[in-house]
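S.K.: Here you go, sequence then predicted model.
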Amino acid sequence: MPEQRQAIDGTGNVAIQNSGDGNSFTISVGSETRLTVTRSHNLRVRVTAPLHLLLPENQIVPLVGRDEQKQSLDAWLDNERPISVRVITGEGGSGKTRLALDLCRRAEERGWHAGFVSADELTRFHEAKNVEAWRTSEPTLLVVDYAATKAPILQRWLKALARIDALPDAGKLRLLLLERHGTRAGGWWQQLLLLGGLEGARLEILLDPPEPEALAPIITPRHRRVILRTVMEEASRLDGLDPPLEPPAGGEDPWFDGRLADETADNSPLLLHMAALAAVQVRKPHALAESRTGLALRLADSEIARLRKLAGAQSVQPRDLQHLVAALTLEGGADAEALHRLITEERDALGMAGSADDLRDAVRVALPPPARAVVNDPADPGQVQPTAPRVADAVRPDLVGEAFILRTLDRDDLPPTVQQGHLNRCWQRAPQAVAEGLVRLGQDFGAVASAHTTTPAPIRWLEHAVEVSTPDRLFQLASAIPVSTINLADVALLLGERLTAVSAHLEHTRNDAAAAIRAFWLHWLSVRYSNLGRLEDAVASGEEAVNRYRRLAQDQPETFLPSLAMALNTLSVHYIGFGRREKALAASEEAVAIHRRLAQDRSDSFLPDLAMALNNLSICHSKLGRHEKALAASQDAVAIRRRIAQDQPDASLPSLASALNNLSIGYSSLGRSEDALAVSEEAANLFRRLAEDRADAFLPNLATALTNLSIRYSKL
């Protein structure tokens, strides 16, 4: 690629300039602050420790089993829309980042500028009013990882982009958001869309597809074997093992073949990477027998052992180095200034024996950062210079880093109050990173027994964070928590109660924004009550949310009708659970009517919501014995879901599976047992795929689908 490309229109200058080392590029509008984009696909971490083999940016393993996703993303780049946004979701280690890195590389080969952008850069560029002035003939792809806790700045970006999308000279921009979870029915993505529309911005016009796309698991045993073999070879080389350890050849070990082909087991890319690395460490290829968390804890223990050896060579105490590395991991790495503050504060708080310089040097040797990125100096646009690069990384990948934090802080000799003190200091230094890290810890290790109490340590830490958080930090935590979660259900309710109370204080302003925020958190809280079986509380909060949205929609229907329909649909679910069937039907019918109206004008944006409302309507009819009407609504819902899945097969798998499960009940109620069995089997297979990748979210759905399937078999 050339060192610099420019596009100039009648309103101002837009320049895209590559850095001298090729690790980043900057986008500038006139002489304002620049947006620095890191070409992460061009970075590598020098492989000096076993965990480096697991990092997606090192691209140790070829990207296998992703042909459909790659074709879909290529088509997304090529479509005629000037500005388009896509959300890809998947459990940690499912391969989202690796897929995005590959997309950036392929996009560059086709003449695009592509890379990852941080929350700080998004904020700085937006505050300089440069998003509004986006005009460039240079096609640009921006990737945002960990999107949930970046929802506030993403919301502002999307509102600005929605305003310029229709302009003829807007330029081609693709924004790819990566997150573990996301759904239009709740969570950070719903927060972003609904609260982002308070100013009348039609954010949904940017979406392609209209809802987050779940990344499918790698389902071919042959591809799984490629991952294992490649990582084993590299780990053997790093460990000096010759000949390298290899997985058993196909047909050589029946257990191993069966494990690789088992669709109910976790075969995510990260688990396969970890299993291969652990196999080399123990010199046996059967590490696949261990669980995801078990492998992560094993690798964390290996990392702790590595640090102990290193501490001796660096003249620092092993326990001190381990603690600093855990804090650094929770804070997501550090530049020179942040590392100095971390070491100074932790050294003073814990009375560490080593000097600050020795501790700093030991940390930097223990966790060297990836290759350095550079940016333009705002004071001199013609110069390229280093900018506060990270001097120390975190223990990665995330799952192993979380296990490392757990091993370090949840110990018999560290009482819960001391643990909280450690977390408070990290929270003060890096609130956004800590919010992300604590929620991931709760998702992944929220069921692991604690050293002190019956409550797992990550849950205790999150509860403490909720108790001491400011409103802004409460919002960060809420954004990171998925709608469907087993481990975090109690924490989510605690958050919902706090945020609903906070929003009540805004109402004295008597403006629509404050009223909408209050309505949003009441709706959010009603879902959390329902998840814990507190149906009376769920109905009360849901009714209040509907009443507030109804008043708002009278004056601003375009802005608030989608929110009203969503709240009505949720309320109907609560009514069903509470036994108020007639009220449930009335709320559901009103929700369907609103969604039909919205889908007529903007079908691509609102068809998923209509399908969800129809699915719920079929349940309401069924509860009242109206089986013909129930079946008709269910068939309509499945037809819409299949239509959506034709273009984006992975985007609506959870919703399609739920609709199929419901349709099977409708068929069975009318005595159509063969039809019921066919769709029930399809639903169970889809939920099995989803639970393989996201057990915390989808195991209950799989259990329900399997129960339903057993009933279908019994009736035949």
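M.R.: The structure has been received and is ready for your questions. Residues are numbered from 1 along each chain as shown.
S.K.: Contact partners for T48?
M.R.: P368 (Cβ atoms under 8 Å, 6 or more residues apart in numbering). To be clear about C-beta, it is placed using only N, CA and C from the backbone, and glycine gets the same treatment.
S.K.: Over to P56?
M.R.: Counting by Cβ under 8 Å, 6+ apart, P56 has contacts G95, T97, R98, L101, P397.
S.K.: rerun at 7 Å
M.R.: T97, R98, L101 (Cβ atoms under 7 Å, 6 or more residues apart in numbering).
S.K.: so what secondary structure elements neighbour whichever strand or helix holds the first one?
M.R.: It stands for T97. Using DSSP states H and E, T97 maps to helix 96-109. Judged by 3 or more Cβ pairs under 7 Å, 6 or more residues apart in numbering; DSSP states H and E, helix 96-109 is in contact with helix 67-78, strand 113-116, strand 140-144, strand 173-179.
S.K.: Can I get that helix in PDB, CA atoms only?
M.R.: Extracted C-alpha coordinates of helix 96-109, given in PDB (Å, rounded to 0.1, in the frame of the first residue of the first chain):
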ATOM      1  CA  LYS A  96     -14.300 -13.500  16.900                       C
ATOM      2  CA  THR A  97     -11.100 -11.600  17.100                       C
ATOM      3  CA  ARG A  98      -9.300 -14.100  14.800                       C
ATOM      4  CA  LEU A  99     -12.000 -13.800  12.200                       C
ATOM      5  CA  ALA A 100     -11.800 -10.000  12.400                       C
ATOM      6  CA  LEU A 101      -8.000 -10.000  12.000                       C
ATOM      7  CA  ASP A 102      -8.400 -12.100   8.900                       C
ATOM      8  CA  LEU A 103     -11.000  -9.800   7.500                       C
ATOM      9  CA  CYS A 104      -8.700  -6.800   8.100                       C
ATOM     10  CA  ARG A 105      -5.900  -8.500   6.200                       C
ATOM     11  CA  ARG A 106      -8.100  -9.400   3.300                       C
ATOM     12  CA  ALA A 107      -9.700  -6.000   3.200                       C
ATOM     13  CA  GLU A 108      -6.300  -4.400   2.900                       C
ATOM     14  CA  GLU A 109      -5.400  -6.700   0.100                       C
END
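S.K.: For that helix, the averaged confidence score.
M.R.: When pLDDT is averaged along helix 96-109, the result is 94.
S.K.: cool, stretch 337-347 as well?
M.R.: For stretch 337-347, mean pLDDT is 95.
S.K.: Among the helices and strands packed on helix 96-109, single out whichever gets nearest to Y529.
M.R.: Within the helices and strands packed on helix 96-109, the stretch nearest Y529 is strand 173-179; the backing value is 24.6 Å (Cβ to Cβ).
S.K.: ok, back up a step: show me what counts as buried in the helix holding T97.
M.R.: For helix 96-109, burial by neighbour count (16 or more other Cβ atoms under 10 Å) applies to 96-108.
S.K.: now what about that helix, what contacts it?
M.R.: 1, 40-41, 56-57, 59, 63, 66, 69, 73, 77, 88, 90, 114-115, 141, 143, 145, 176, 178, 215, 269.
S.K.: change it to 6 Å
M.R.: 41, 56, 63, 66, 73, 88, 90, 114-115, 141, 143, 178, 215 (Cβ atoms under 6 Å, 6 or more residues apart in numbering).
S.K.: closest to L307 among these?
M.R.: Checking the contacts of helix 96-109 against L307 by Cβ to Cβ gives P56 as the nearest, at 23.0 Å.
S.K.: who wins for neighbours among the contacts of helix 96-109?
M.R.: Counting by other Cβ atoms under 10 Å, A114 has the largest number of neighbours within those, with 28 neighbours.
S.K.: If it is in a bridge, with which residues?
M.R.: For A114, the beta-bridge partners are L141 (DSSP bridges).
S.K.: where in the stretch 201-350 of the chain is pLDDT low?
M.R.: Applying pLDDT under 70 to the stretch 201-350 of the chain flags the ranges 201-202.
S.K.: just so I have it, where are all the strands in it?
M.R.: Using DSSP state E, counting those that start in this stretch, the strands of the stretch 201-350 of the chain run over 213-214, 334-335.
S.K.: hmm, back to that, any chance of the contacts of P56 in a markdown table, plus distance to H52?
M.R.: Below are these laid out as a markdown table (distance: Cβ to Cβ, whole Å):
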| residue | distance to H52 |
| --- | --- |
| T97 | 15 |
| R98 | 15 |
| L101 | 15 |
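S.K.: just checking, what packs against the helix or strand where D120 lies?
M.R.: Secondary structure assigned from DSSP H and E places D120 in helix 119-127. Packed against helix 119-127 by the contact rule (3 or more Cβ pairs under 6 Å, 6 or more residues apart in numbering; DSSP states H and E) you find strand 35-38, helix 151-164.
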